[in-house]
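Student: Fold the following.
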Amino acid sequence: MELTQEHRLTVVEDRSLRNEGRIKKLEGEHEVLHELATSMAVMAEKQGRMGDSVERLEHKVDTLEDKPAQRWDKLISSLIGALAGAFLVWVASGMPGV
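Tutor: Now for the predicted structure:
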């Protein structure tokens with residue numbers, strides 16, 4: 001069964017219309033994917049900046065947490081120094097009371 005030229009032309013036109021519809025659909029999907037990729041790139045950049053900010057905040061928190069310990073260490077060092085100094089003065093003065 002041989003198709004007439006008119007019938008073949010109709011088949012080709014129908015196929016062309018279907019293909020055109022598919023192409024338009026793919027173009028729309030491609031645009032959505034492009035927008036998604038752009039959004040992901042922006043989010044990745046923002047996340048990188050947030051990571052840097054978090055690191056700076058962690059450093060600041062660590063510094064604040066260390067301050068009381070440093071003060072306590074200085075206090076203990078000062079007390080030990082004062083006691084050692086008092087002991088030396090006591091020994092240098094001939095150890096009165098012994």
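Student: Where does pLDDT dip in the chain?
Tutor: 1 (pLDDT under 70).
Student: could you pull out the helices for it?
Tutor: For the chain, the helices defined by DSSP state H cover 5-92.
Student: I'd like the distance between the spatially most central residue of the chain and Glu45.
Tutor: Nearest to the geometric centre of the chain sits Gly51, at 2.8 Å (Cα atoms, centre = their mean). Distance of Gly51 to Glu45, computed by Cβ to Cβ, to the nearest Å: 11 Å. In this view, the C-beta of every residue, glycine as well, is placed from N, C-alpha and C.
Student: give the contact list for Trp72.
Tutor: Applying Cβ atoms under 8 Å, 6 or more residues apart in numbering to Trp72 gives no contacts.
Student: and it, how far is that from Lys60?
Tutor: From Trp72 across to Lys60, the span is 20 Å (Cβ to Cβ).
Student: next one: Val98
Tutor: 53 Å.
Student: Which of these two has more residues huddled nearby?
Tutor: Counted by other Cβ atoms under 10 Å, Val98 and Lys60 do not tie: Lys60 has more neighbours, with 10 against 5.
Student: How many residues are close by Trp90?
Tutor: The number of residues near Trp90, taken as other Cβ under 10 Å, comes to 13.
Student: which non-adjacent residue is nearest it?
Tutor: Of all residues not flanking Trp90 in the chain, Pro96 sits nearest, at 7.4 Å (Cβ to Cβ, 6 or more residues apart in numbering).
Student: what about that neighbour, neighbour count?
Tutor: Using other Cβ under 10 Å, Pro96 has 6 neighbouring residues.
Student: Over to Val32?
Tutor: When neighbours are defined as other Cβ under 10 Å, Val32 has 10 of them.
Student: go on, Phe87?
Tutor: 11.
Student: now it: how far from Ile76?
Tutor: Shown here: Phe87 relative to Ile76, a distance of 16 Å by Cβ to Cβ.
Student: Equivalent analysis for His30, please.
Tutor: Counting by Cβ to Cβ - His30 and Ile76 are separated by 69 Å.
Student: repeat for Met43
Tutor: With Cβ to Cβ as the criterion, Met43 and Ile76 are 49 Å apart.
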